[in-house]
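Participant: generate coordinates for the sequence data below:
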Amino acid sequence: MKTHHLFIICIATFFCINKSAAQNEKDTEQITKVVNGVTIYFYEQRLDLFADLWDKDATFISVMGLKAVGKEDIVDMHAMGKYVIDSSTKTVVEPPIINFITKDIAVAYSIWGGLVFKLSETEKTPVDSGFLTVVLKKSAKGWEIVSATNALNVMRGMPFQFEKYSHDETWTKWGLADKK
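Facilitator: I've put the predicted structure just below:
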């Protein structure tokens, strides 16, 4: 067996086994609330609730590649929303895909959309969407984000359904299938 085949089997086995690491449905519900809260509370500029989502030493990488370390810096980075989020913004989130690494550590991947920024009093950006990946830990307070990376979806419009965007479909859609 080739090494890369063995590696793929090991990774697939790891994710299948660890999906059962969740203690109960309550963990999944709480993680969903935390992950979706990043988008909802940012759009609505409810920074007190936004702050509650993060571990005090968390790290966040923005869609622009800016890094904030610590809850206070992460909240400060997002406070600019009150100046630039357009009133036409509509909150769109999908339930995250969650993989429990252990009973106290999880990785979640989610899709967000509907964000519109003001460029001036009369101009605004097209509707933005993207992908948020977070690592969470379970503490005495509940699930908190310890690390998050946000990616802007610049190629495909509004990505509201995960299954529509497999790599093969995307390469074909953009005429790049023969260049893989």
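Participant: quick check: the gap between the residue sitting nearest the centre point of the chain and Tyr109.
Facilitator: For the chain, the residue nearest the mean C-alpha position is Leu132 (1.6 Å; Cα atoms, centre = their mean). Plainly put, Leu132 is 7 Å away from Tyr109 if you go by Cβ to Cβ, to the nearest Å. Backbone N, C-alpha and C define where each C-beta goes, glycine included.
Participant: name the element the residue nearest to the centre of the chain belongs to?
Facilitator: Element membership for Leu132 (DSSP states H and E) is strand 128-139.
Participant: quick check, Ile111 in contact with Val93.
Facilitator: Yes. Counting by Cβ atoms under 8 Å, Ile111 touches Val93, with 7.1 Å between them.
Participant: low-confidence ranges, this structure, go.
Facilitator: Within the chain, the ranges that satisfy pLDDT under 70 run 1-23, 155-180.
Participant: spell out the residue ranges of the strands in it.
Facilitator: 54-61, 67-69, 92-93, 97-100, 105-115, 128-139, 142-152 (DSSP state E).
Participant: deepest in the core, which of those strands is it.
Facilitator: Here the criterion is mean neighbour count by mean count of other Cβ atoms under 10 Å, and of those the winner is strand 105-115, at a mean of 21.
Participant: ok, back up a step: so which of the strands of the chain gets nearest Leu47?
Facilitator: strand 54-61 (11.1 Å; Cβ to Cβ).
Participant: and the closest one, what other elements does it pack with?
Facilitator: Other helices and strands packing on strand 54-61, by 3 or more Cβ pairs under 8 Å, 6 or more residues apart in numbering; DSSP states H and E, are strand 67-69, helix 71-78, strand 142-152.
Participant: I'd assumed Ala106 was in contact with Asn99.
Facilitator: Yes. In this structure, Asn99 is within contact of Ala106 by Cβ under 8 Å, at 6.6 Å.
Participant: can you tell me which residues contact Thr149?
Facilitator: Going by Cβ atoms under 8 Å, 6 or more residues apart in numbering, Thr149 touches 60-61, 132-134.
Participant: nope, Asp86 is what I meant
Facilitator: 116-118, 124-125.
Participant: could I get the helices and strands packed on strand 54-61 as a markdown table with distance to Thr89?
Facilitator: Output for the helices and strands packed on strand 54-61, formatted as a markdown table (distance: least, Cβ to Cβ, whole Å):
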| stretch | distance to Thr89 |
| --- | --- |
| strand 67-69 | 21 |
| helix 71-78 | 14 |
| strand 142-152 | 15 |
